[in-house]
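In: A predicted structure for the sequence below; I have some questions about it.
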Amino acid sequence: MLAVVRRIVFFPTSRRFVSKLVFGAGASALLLVSSCLHRGSTIGQREPASQDDERCKGDEKCLDACRLAERDSGMLGQCADMRQKVATLGAVPDDPVPAASEEPDWSRAGAARSHERLAAPELFSRALPSIVYIRTDLGAGTGFVVSAKGVIATNLHVIAGAKKIQAFLMNGAELKLKPEVAADPEHDVAALQTDMNVAPVALAHVNAVIMGQKVIVIGNPLGLKATLSEGIVSGVREMDDKTKVLQITAPISPGSSGGPIFNEYGEVIGISTFVILGGSNLGFGMPIRYLKELMLTPHFLSREEVAKLTPPHSSGDDAEPEEKSADASDLPLIQRDIPQHDVKLLKGCGQGDYRQIRDLIAEAVKVGAPLYNSKNFRACAQIYEGASSDLERSLAASCKGPKKALADGRKKASKQADDARRAWALRDSFDGLTRVIDKLEAQSKQ
């Protein structure tokens, strides 16, 4: 059940933003955006060692930097620095893992990596044996096997509140699940485990994300098993001091929650988490960092404890979750400054543009307003900023006025003194556009 973001709910175990999202149908790009795009893992064989392999001595980060430098000359210095570091110090450590004596039973994740960049059909065929369809008494979602120990990653909201949890491979085989569940309510990440031998996917390094890179999402939308969609990483959104999410353009639909977000090398960089529905989808995913942290230091819940968690929907995917109200008297008083546009602003725009503007703004406000009312001003501003950027890109090239109005709104927001004022500056730009469309339509009826 990919949470369609319409309102906000709270997991009782946490009051942080990500566990509050009514995890929606369908997440902007991760933590520190590194220049090292790590080699994708295929679930197959490695290619023969290249000259870079020899100079980098097999170090993953060095190899990634040098491979990226082949496409971007600006990375040549980074490649040279990494080679020098390897020559001096030896291989640079990868993602931290505990000492062998301290290592949890299931902390080692992923398949071997290779140099190969994969076309979508090839990536899909290699990843498919690792994709899992998760069915509960409340709905359905997606998972993926991440360890030879049988660990299955998904979103916590996929199983929250469920008394019965089943997992199936794409060939229909049911996986017998162990009773305990590892859970991170703050980041909406969960891990199940099976004793059955299933090939795992490979997980990317925690900073293997670059703005604009291609992504492929595999999920089970609306019960349709093993569906693929493509897009790019379009931004990084900071939801609070400890949580960042990947914003992607790949379409995500209900039922795809918990599914893997792959880079073009076949490595998982995130978990599909929620979406804002509108003229164009705003999809978000949890960075793989949070899953790796959970696997290294798992916090286990019993099935009884999972069943007591507040589910994202009370009666199926179409139900509206209860909205938590806030005391408006505690919120800052901010003077509105809504632009008063002339209808000439809409010259070159069509009915499709008007629908996109209205739909995407309406959905952004449905998500952003409850965040603002719960005093998560930064998350609200990030949602509005992402919606503004994506809306500007999605409008027709001839629809220049609204594009400029959106850009002006973001520019104004960037100059504000705090996140609350930044959120309102963006909201003002939204309301200015919807009002001028209303004005034009009213004139046309006269």
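Out: The structure has been received and is ready for your questions.
In: what domains does the record give for this structure?
Out: 1-34+100-317, 334-445 (automatic domain parsing).
In: Kindly list the longest helix within the protein.
Out: What stands out as the longest helix in the chain, according to DSSP state H, is helix 419-445.
In: Does anything pack onto that helix? Which helices or strands?
Out: Using 3 or more C-beta pairs under 8 Å, 6 or more residues apart in numbering; DSSP states H and E as the contact definition, the elements that helix 419-445 packs against are helix 351-373, helix 377-394, helix 400-414. Bear in mind the C-beta positions are built from the backbone N, C-alpha and C, glycine included.
In: Check the average confidence over it, would you?
Out: Here helix 419-445 scores 91 as its mean pLDDT.
In: With stretch 144-158 instead?
Out: Stretch 144-158 shows a mean pLDDT of 92.
In: Next, the buried residues of that stretch.
Out: 144-147, 149-158 (16 or more other C-beta atoms under 10 Å).
In: Show the low-confidence segments of this protein, by residue range.
Out: Within the chain, the segments meeting pLDDT under 70 span 1-54, 57-61, 64-65, 67-78, 81-82, 84-115, 221-224, 253-254, 275-282, 311-331.
In: all helices of it, in order?
Out: Assigned by DSSP H, the chain shows helices spanning 17-20, 51-56, 60-69, 76-89, 120-127, 156-159, 288-296, 303-308, 351-373, 377-394, 400-414, 419-445.
In: Let me have those helices in JSON lines, adding distance to residue 274 as columns.
Out: Shown next, in JSON lines, are those (distance: least, C-beta to C-beta, whole Å):
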{"stretch": "helix 17-20", "distance to residue 274": "9"}
{"stretch": "helix 51-56", "distance to residue 274": "38"}
{"stretch": "helix 60-69", "distance to residue 274": "29"}
{"stretch": "helix 76-89", "distance to residue 274": "33"}
{"stretch": "helix 120-127", "distance to residue 274": "22"}
{"stretch": "helix 156-159", "distance to residue 274": "8"}
{"stretch": "helix 288-296", "distance to residue 274": "14"}
{"stretch": "helix 303-308", "distance to residue 274": "20"}
{"stretch": "helix 351-373", "distance to residue 274": "9"}
{"stretch": "helix 377-394", "distance to residue 274": "11"}
{"stretch": "helix 400-414", "distance to residue 274": "22"}
{"stretch": "helix 419-445", "distance to residue 274": "19"}
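In: Could you single out the most deeply buried of those helices?
Out: Compared across these, helix 156-159 shows the largest average neighbour count, a mean of 32 (mean count of other C-beta atoms under 10 Å).
In: Now do that one: which elements does it pack against?
Out: Applying 3+ C-beta pairs under 8 Å, 6+ apart, we find helix 156-159 packed against strand 131-136, strand 140-145, strand 181-184, strand 189-193.
In: Now tabulate the helices and strands packed on helix 419-445 in TSV and tack on distance to residue 306.
Out: Shown next, in TSV, are these (distance: least, C-beta to C-beta, whole Å):
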stretch	distance to residue 306
helix 351-373	25
helix 377-394	26
helix 400-414	40
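In: and residue 437, which of those helices is closest to it?
Out: Of all the helices and strands packed on helix 419-445, helix 351-373 sits nearest to residue 437, with 5.2 Å by C-beta to C-beta.
In: Compute the inter-axis angle for the closest one and helix 419-445.
Out: Helix 351-373 and helix 419-445 are oriented at 150 degrees to each other (axes from the mean of the first three to the mean of the last three C-alpha atoms, to 10 degrees).
In: Which of the buried residues of stretch 144-158 sits closest to residue 249?
Out: residue 155 (19.8 Å).
In: For residue 446, see how far away the closest residue to the closest one other than its chain neighbours is.
Out: Closest residue to residue 155 apart from its sequence neighbours, by C-beta to C-beta, 6 or more residues apart in numbering: residue 258 at 4.2 Å. According to C-beta to C-beta, to the nearest Å, residue 258 stands 51 Å off from residue 446.
In: Report how many residues lie close to residue 217.
Out: Using other C-beta atoms under 10 Å, residue 217 has 27 neighbouring residues.
In: I figured it hits residue 248, correct?
Out: Yes - using C-beta atoms under 8 Å, residue 217 is in contact with residue 248, at 7.2 Å.
In: re the thing from before, do you know which of the helices and strands packed on helix 419-445 lies nearest residue 431?
Out: Closest among the helices and strands packed on helix 419-445, using C-beta to C-beta: helix 351-373, at 8.3 Å.
In: right, and the helices and strands packed on helix 419-445 - which one's nearest residue 138?
Out: Residue 138 sits nearest to helix 351-373 of all the helices and strands packed on helix 419-445, at 21.8 Å, using C-beta to C-beta.
In: re earlier: of the buried residues of stretch 144-158, which is the nearest to residue 438?
Out: The closest of those to residue 438 turns out to be residue 157 (C-beta to C-beta; 35.9 Å).
In: Isn't the closest one up against residue 257?
Out: Yes - taking C-beta under 8 Å as the definition, residue 157 is a contact partner of residue 257 at 6.6 Å.
In: quick one: the longest helix of the chain to helix 400-414, angle?
Out: Using the same axes, to 10 degrees: helix 419-445 against helix 400-414 is 160 degrees.
In: out of the helices and strands packed on helix 156-159, deepest packed?
Out: strand 140-145 comes out most buried of these by mean count of other C-beta under 10 Å, with a mean of 28.
In: and it, what other elements does it pack with?
Out: On a contact count with 3+ C-beta pairs under 8 Å, 6+ apart, strand 140-145 meets strand 131-136, strand 151-154, helix 156-159, strand 214-219.
In: Give me the distance between residue 189 and residue 234.
Out: From residue 189 over to residue 234 (counting by C-beta to C-beta), the distance is 22 Å.
In: out of residue 258 and residue 446, which sits in the more crowded spot?
Out: Using other C-beta under 10 Å, the more surrounded residue of residue 258 and residue 446 is residue 258, with 33 against 4.
In: And that one, how far from residue 188?
Out: According to C-beta to C-beta, residue 258 and residue 188 sit 9 Å apart.
In: shared neighbours, the two?
Out: Residues touching both residue 258 and residue 188 by C-beta atoms under 8 Å, 6 or more residues apart in numbering: residue 155.
In: picking that back up, now the domains of the chain in TSV, with distance to residue 79?
Out: Formatted as TSV, the domains of the chain follow (distance: least, C-beta to C-beta, whole Å):
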stretch	distance to residue 79
domain 1-34+100-317	13
domain 334-445	31
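In: who wins for proximity to residue 63 among the ones you listed?
Out: Of these, nearest to residue 63 by C-beta to C-beta is domain 1-34+100-317, at 7.7 Å.
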